[in-house]
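Trainee: the following comprises the amino acid sequence and a computationally predicted model.
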Amino acid sequence: MIERWSRDQVLALAPDASSKKGAQSVSGPAKWPVAGVMPDVLWGECKGSGATPYRACVDLADTAYRCSCPSRKFPCKHALGLLLLWSADGVTPADEPPTWVGEWLEQRRARAGRKEGAGPPGADGAASPGPDGTGSPGVDALRPPGAGGAGPPGAGGAGPPGADGSASRSAAGEAAVTDDGAALLGAAGAGPAGAVAGSSADAAARRAAQREERVMAGLAELERWLADQIGQGLAGARRDATARWQELARRLVDAQAPGVAGVVSRLPRVLADEDWPSRLLGEYGLLHLLAVGHRHASGLPGPLRDTIRSRVGFPVSRDDVLAGELVRDVWDVLGRRDDEQDNLTSRRVWLRGRHTGRFALVLSFAPPRQPLDVSLVTGTAVDADLAFYPGASPLRALVATRRGPVPAAPPDGTTVSGALTEIATAVAGDPWTDSWPIVLRPATPARSAGRWLLTDPPSSTPREDGGESPGMPVHPVAGHPWRLLAVSGGRPVTVAAEWTPLGLRPFTAWDEEGRLVVL
Amino acid sequence: MSTVVEWERLVSAALVGVERRPEGDVLGRAAAHVVGMRAGQPPRHGEPLPAAPGEEQAMVPRAAGDRLARILDGEQPRLLPEWLEAAAARGYRLPPELLPQVLDHGARDRSLRAPIGVLAGARGRWLAGLNPAWAYVQDEATPVTVPEPVVTTGTAAPGPPMDLWEYGTRGDRLAYLRTLRRADPAQARELLLQGWAKEGPEDRAAFVNALADGLSMDDEPFLEDALDDRRREVRGQAADLLTRLPGSRLGRRMAARAERCLTLSGDRLVAEPPAECDAAMERDGIRSRAPAGTGQGSWWLQQVVARTPLTFWTGRFGLPPKQIVRLKVEEWPREVRLGWERAVVLQNDPEWARALFAVEPLTDLLAVLPPAERAGQAAELVRGQPVDGQLIMMLGGIPGPWGPALTDAVLDKIVETVGHQPWNLGELTRLAGERADPSGHATAASRSPEPAVQDVADVLRFRHAMLTELGPP
């Protein structure tokens, strides 16, 4: 039996603010004269303005949605409204689904069976509400296209941009790529190595070699450029560097090193910091390290080589990832965050394996107002096989096979020193790591010199240092974490957060009673 | 990882350029430093917050909390005050995660603070202590702290509630004083008198007003003294209360002034404003400075009439109120009527209110009438008047829940107005949705298919569900 989701959990599924609003307007029992729920499926008929009601249905086990309305949003407001009603305990349990629900479930099962036989496991081959019309009313709209083998560099280093030959020419080097490798945005086919389909193995090898050469040349230029900057001095950077970084990023895109281009295009952020000379030097140092690392790649251990290649921007195909080792575990869905940048929304969902203790990051990308992956609900747990992208500190993963939901519980966590060790391990494997999930359990909020910290609870720590507990600072962008403070009340809570070099960005908390709060 | 000093040297070399200040392998060392810093981050130390005290109130039911979250997210935002008041009346506390948003609302809108004081619970007060913008919570009454006062007979000191009086928040003390006042007016006054000199001006102003309940001539000496208070609010409140005591010294002094201002001459009244506003008048609550655009004399006249006990006029003219208000007033008719209207509100006199309302239908006067009569009067007015600013204002002054008569009148008015003045409907439908009895949502919905009426029904349905979720008061 699936535990009822909280309102927060349901609303976190909404693709945008207006769907949230719309969902709430159709969440009253009066809107759903017909509604029922069984352990793993929820359905209802929503009274609309038209003569026939919309039929909405949610597969709770697999987190799939269907609605007969013509909305292209996903999940649509009816599915969300129905979930809200269910969340408020407003749906009566039933023994048997109506025919239309039963048929849908059967279709889904049949398709799942076919999929297992044919394509790679977990490939989201189901119809998506895309512009091709497969999302028209009455047709299943199960899951949006999953993230392809590539993502924008904005995804915190976990997702190098640009699939083969589709790197965007934009200065930022952003490339949005769907599963099948078609560029959604940017100058499709701008890269010199254009078409993929139908080419011979020879041609592919030639193209690959060509790319290696270009990248090598581009990074050699980057090394010289960096040395030049250090030679002349960084003092003037605040005045005129932005334009030069744009130019450099553009050339790196041309050199088919979109990952590096992304790092360069994000450099202007550093200048906002009071301590910018120190931070800029650090960033230049890391870029330099990446270029040098790539130059010496042949002598490095395989996983580190993979890390470097992914940071530079070489894509890894979905099939290659799925062909790698699978990690089966009960994965607690810790939380998620959406970022919108340059007409591309990226969604990160963080998971933690209950038995392996491994963290995972599932990334998906879509243009604004297009559906993102909604199959992983914060605070739920799923028994699944995950396939990790290769690298020295593997984090990014694909869901290869979902076996179904498992009763949710607050995730296991660690102390501050445990978390610091986890981060040290991740950075030791991948020196460019600047984002890593952690779970502190238990943690209490604390203050120090005007900044908020998350510390070990006082009782679990020997008080050698004048009553103060070891902690990790909260990122300044989180401001005063009032919601977290309110949930904690100074008592121990479980907090899932994204570690960054500048501080933690908490995203989910579980209070003393295990109640989940999305921060 | 390099030391702080080494790193600073490296940064300054990079700033001026290694061509001018050579340093070996700056970039390689920078990378090593950054990676070392990230991997070798030491823990910071901080002082954990003291834990919030345990809660004594029950948390609002989950569905009710969810609805509050919806309101805070922008759905039916105008119902926030009603939700807060209804939940506070039931003694609930809020789910912690909603506290920051609700406390922010209270910081912006004073009228929400009293219910927030209750709903905050121990967690909310703890949280408010961390943010100066939320400090107001500490002044509000808390829910569990106002026990029935121990009414002592004789001189025995009251029991535990005295702690509350000594150490409670201002809101708690006020609530305690009010409860005690209802139970034993004399004891409440005694309590107030004991520490009066030590109370701060804010507290004195808040506490004087508490005597309104159970007001009698026994309070007169204390209030007369309060007319000399340093704080203007205290003086004004004392004067207002004394005005309601026709036998008070202030009432008599004011009547003596009024006697000179207003005389009956045949079937008409002759008005003459006071020649000056002396110190004695000011002490009795007459403000000497007229607002801009008002003549001094007429301003004083209006205030003297307002502060004169209404019973004085019936005795002096030997006429009932409804005849007095119809007397023709020479020269200053507006000032005299404004004075009476203000007097009715101050002295809460329904008979005079009824008489004056017949002459001029003012919201303030309606408020003095008993609720049933008030709604009846308002319904009649709605049926007879077009939708204009005055009507809206009048309705705005009638607190909910409106009974069926007024609700029906307003819904009919909406249907009637849709045809020719739809742009005027906004406020009317809003008021109807917020004030009509929510249990009448189905009746409202069946009254007309007009979208505006359906909108009203929707809001009523929302409120009905909202109150049902909160449970019986």
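Mentor: Cool, got the structure.

Trainee: tell me which element the residue nearest to A:Leu252 when sequence neighbours are not counted is part of?
Mentor: The shortest distance from A:Leu252 to any non-neighbouring residue, by C-beta to C-beta, 6 or more residues apart in numbering or on different chains, is to A:Ala261 (3.7 Å). C-betas here are computed from N, CA, C, even on glycine. Element membership for A:Ala261 (DSSP states H and E) is helix A:258-265.

Trainee: against which helices or strands is that helix packed?
Mentor: helix A:201-232, helix A:237-254, helix A:276-295, helix A:302-312 (3 or more C-beta pairs under 8 Å, 6 or more residues apart in numbering or on different chains; DSSP states H and E).

Trainee: and the longest one with chain B, contact?
Mentor: Yes: looking at helix A:201-232 against chain B by C-beta under 8 Å from any C-beta of the partner chain, the contacts come from A:226-227, A:230-232.

Trainee: out of the helices and strands packed on helix A:258-265, nearest to B:Arg189?
Mentor: Of all those, helix A:276-295 sits nearest to B:Arg189, with 67.2 Å by C-beta to C-beta.

Trainee: still on that earlier bit, and the angle from the helix holding A:Ala261 to helix A:237-254?
Mentor: 170 degrees (axes from the mean of the first three to the mean of the last three C-alpha atoms, to 10 degrees).

Trainee: mind checking the SS state of A:Arg402?
Mentor: strand (DSSP: H, G, I helix; E, B strand; the rest coil).

Trainee: just the pLDDT for the residue in the stretch 101-250 of chain A positioned nearest to chain B.
Mentor: Using C-beta to the nearest C-beta, the single residue of the stretch 101-250 of chain A nearest to chain B is A:Gly233, 3.0 Å away. What the model reports for A:Gly233 is a pLDDT of 92.

Trainee: got the contact list for B:Ala432?
Mentor: The contact partners of B:Ala432, taken as C-beta atoms under 8 Å, 6 or more residues apart in numbering or on different chains, are B:402, B:407, B:410-411, B:414, B:456.

Trainee: can you show me the strands along chain B?
Mentor: Per DSSP state E, chain B carries strands over the ranges B:44-48, B:262-265, B:268-271, B:328-330.

Trainee: now those as CSV including mean pLDDT and mean neighbour count?
Mentor: CSV is the format used below for the strands of chain B (pLDDT from 0 to 100; neighbours: other C-beta atoms under 10 Å in any protein chain shown):
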stretch, mean pLDDT, mean neighbour count
strand B:44-48, 87, 20
strand B:262-265, 89, 15
strand B:268-271, 90, 16
strand B:328-330, 89, 13
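
Trainee: got the ones you listed as CSV, with distance to chain A columns?
Mentor: Output for those, formatted as CSV (distance: least, C-beta to the nearest C-beta, whole Å):
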stretch, distance to chain A
strand B:44-48, 3
strand B:262-265, 59
strand B:268-271, 59
strand B:328-330, 56
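
Trainee: right, so of the ones you listed, which gets closest to A:Gly299?
Mentor: That would be, of the strands of chain B and by C-beta to C-beta, strand B:44-48, which comes in at 38.1 Å.

Trainee: helices or strands up against that closest one?
Mentor: strand A:436-448, strand A:451-455, strand A:469-473.

Trainee: what about the longest one, near chain B?
Mentor: Yes: in this structure, strand A:436-448 sits against chain B according to C-beta under 8 Å from any C-beta; the contacting residues are A:444-448.

Trainee: buried subset of those residues, written for ChimeraX?
Mentor: Command for ChimeraX, covering only those of these found buried under the criterion 16 or more other C-beta atoms under 10 Å in any protein chain shown:
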select /A:444,445,446
